[in-house]
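Student: After the sequence you'll find the predicted model.
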Amino acid sequence: MTAKTGFLNAAVLTCCCLAAAIAPANLVQNSAFAAAQCWSEEELAGRPGEKAIWRTPYNRAIEPRGTFTELPPVPPQMRGSIRSVKLREGERLVALTFDLCENPGEISGYDAGIVDTLRREDVKATFFASGKWLLDHEERAQQLLGDRLFQVGLHSWTHRNFRLLNDEQVRADLALDLRADAEVRKKLASRACFRPAFLNDRQADIRLFRFPFGACNEESLNAVNNAGLLAIQWDVVSGDPSAQTAEAIRQSVVASAKPGSIIVMHANGRGKHTAEALPLIISDLRRRGFSFATVGELLERGEAVIAKSCYERKPGDNVKYDRLFPVKDHRPPRAFLNSGDGSAPGQAGERR
Ligand SMILES: [Zn+2]
């Protein structure tokens, strides 16, 4: 089914940010780097080792205790799992999305190669960040939030399988996630470089949510929508957590992308070849006449295509995560418990 998206325009949030309109000419010619006002080119660039994922026991002390703005429930026409957007005839926009998942027993990575490419190519994108990722990567989180190219949505507090959580657990998780998000946005807004004049349509950021593993059931989908969050799924799977080559990712994406598509990838170190594939994807899609929009912009320009359930490629195909990721609390999965030494994880981590 499809639904009109006037709801987005009603978004009212107090804590957002845009840093600046003018970037140093040597950094980028087109002033895409709103973030550059707060950070030097060196500070924005990736550092060696940042993409690595580290095992570490869950530390309850980092759970945020601040406040967040309660949102009105999502109206009926936007409830459900949003898979793509139906655009006007001839409009060729797609949304690249990158998940920043972080499990309870790890500190996941920051794939700077992806962000650098997006900035260099002046390509808009949407990130879905776990709340714990935001707090564990606060500077990077602020840089993403402060860049006018990017929209940052929520991805749960510690990336548990929402199909296995009860209503109370879902609400508690969302509260932690929303608090983490509010905390980082507030810190960015308080920086001397912050310019309220550059607040823009990204005020709708906080309304976007992606389920961990893209997995939900009716109850958790309702809970997310009741919390005022749009559930953003995808219609194009890059397969980047398991892809063996950049070319495989490129083919998965380019062959399936169509106007209004939402494409899922990872920027937390779980996509081994994603950064390598991205310039090829951008170039191929541009050659086919596509431009890039954030998910929020896509929704504002068309009608959401909404499914009643969450799934990866076809209904029911993500039930497998119940077996693969049965963790219901914030304790690290068993595979992480024997390794609190910061060693790199093997295959025990999530696959989205
Ligand atoms: Zn994820």
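Tutor: Happy to help now that I have it.
Student: The nearest residue to Val254 once chain neighbours are set aside - how many residues pack around it?
Tutor: What sits nearest to Val254 in space, not counting adjacent residues and going by Cβ to Cβ, 6 or more residues apart in numbering, is Asp284, at 4.5 Å. In this view, the C-beta of every residue, glycine as well, is placed from N, C-alpha and C. The number of residues packed around Asp284, counting by other Cβ atoms under 10 Å, is 16.
Student: Confirm for me that Asp284 is in contact with Arg250.
Tutor: Yes - under the contact definition of Cβ atoms under 8 Å, Asp284 touches Arg250, with a separation of 6.7 Å.
Student: Within range of the ion, give me the residues from the stretch 51-200 of the chain.
Tutor: Counting by Cβ under 5 Å from the ion, the positions of the stretch 51-200 of the chain adjacent to the ion are Asp99, Cys101.
Student: any low-confidence regions in the stretch 51-200 of the chain?
Tutor: 194-200 (pLDDT under 70).
Student: Pull the distance from the helix or strand harbouring the residue nearest to Val254 to the chain's centre.
Tutor: Mapping Asp284 onto the secondary structure by DSSP states H and E places it in helix 274-287. Helix 274-287 has its C-alpha centroid displaced from the chain centroid by 19 Å (Cα atoms, centre = their mean, to the nearest Å).
Student: partner strands of the helix or strand following that helix, parallel or antiparallel?
Tutor: Heading C-terminal from helix 274-287, the first helix or strand you meet, by DSSP H and E, is strand 291-292. Sheet pairing of strand 291-292 (DSSP bridges) gives strand 93-100 (parallel).
Student: could I have the partner strand exported to CSV, CA atoms only?
Tutor: What follows is the C-alpha trace of strand 93-100 in CSV, where atoms were taken according to Å, rounded to 0.1, in the frame of the first residue of the first chain:
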residue,chain,number,x,y,z
LEU,A,93,16.0,9.4,-7.0
VAL,A,94,17.3,6.7,-4.7
ALA,A,95,18.3,6.7,-1.0
LEU,A,96,21.6,5.2,0.0
THR,A,97,21.4,4.0,3.6
PHE,A,98,24.2,2.8,5.9
ASP,A,99,23.6,1.1,9.2
LEU,A,100,25.8,1.8,12.2
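Student: residue contacts, the residue nearest the centre of the chain?
Tutor: The centre of the chain sits closest to Phe128, judged by Cα atoms, centre = their mean, with a distance of 1.2 Å. Applying Cβ atoms under 8 Å, 6 or more residues apart in numbering, one finds that Phe128 lies in contact with Thr97, Phe98, Asp99, Leu100, Val152, Gly153, Leu154, His155, Leu208, Phe209, Arg210, Ile232.
Student: So it belongs to a helix, correct?
Tutor: No - when the secondary structure is assigned by DSSP: H, G, I helix; E, B strand; the rest coil, Phe128 falls in strand instead of a helix.
Student: can you tell me how far it sits from Thr56?
Tutor: Using Cβ to Cβ, to the nearest Å, one gets 22 Å for the distance from Phe128 to Thr56.
Student: Check Arg270 too.
Tutor: Arg270 sits 16 Å away from Thr56, taking Cβ to Cβ as the criterion.
Student: These two: who's more crowded?
Tutor: The residue with the greater number of neighbours, taking Arg270 and Thr56 and applying other Cβ under 10 Å, is Arg270; the counts read 24 against 17.
Student: Which residue, other than its chain neighbours, is closest to the more buried one?
Tutor: Once flanking residues are discounted, Arg270 sits nearest to Pro241: 4.9 Å by Cβ to Cβ, 6+ apart.
Student: would you say that neighbour is within a helix?
Tutor: No - secondary structure of Pro241 (three-state DSSP): coil, not part of a helix.
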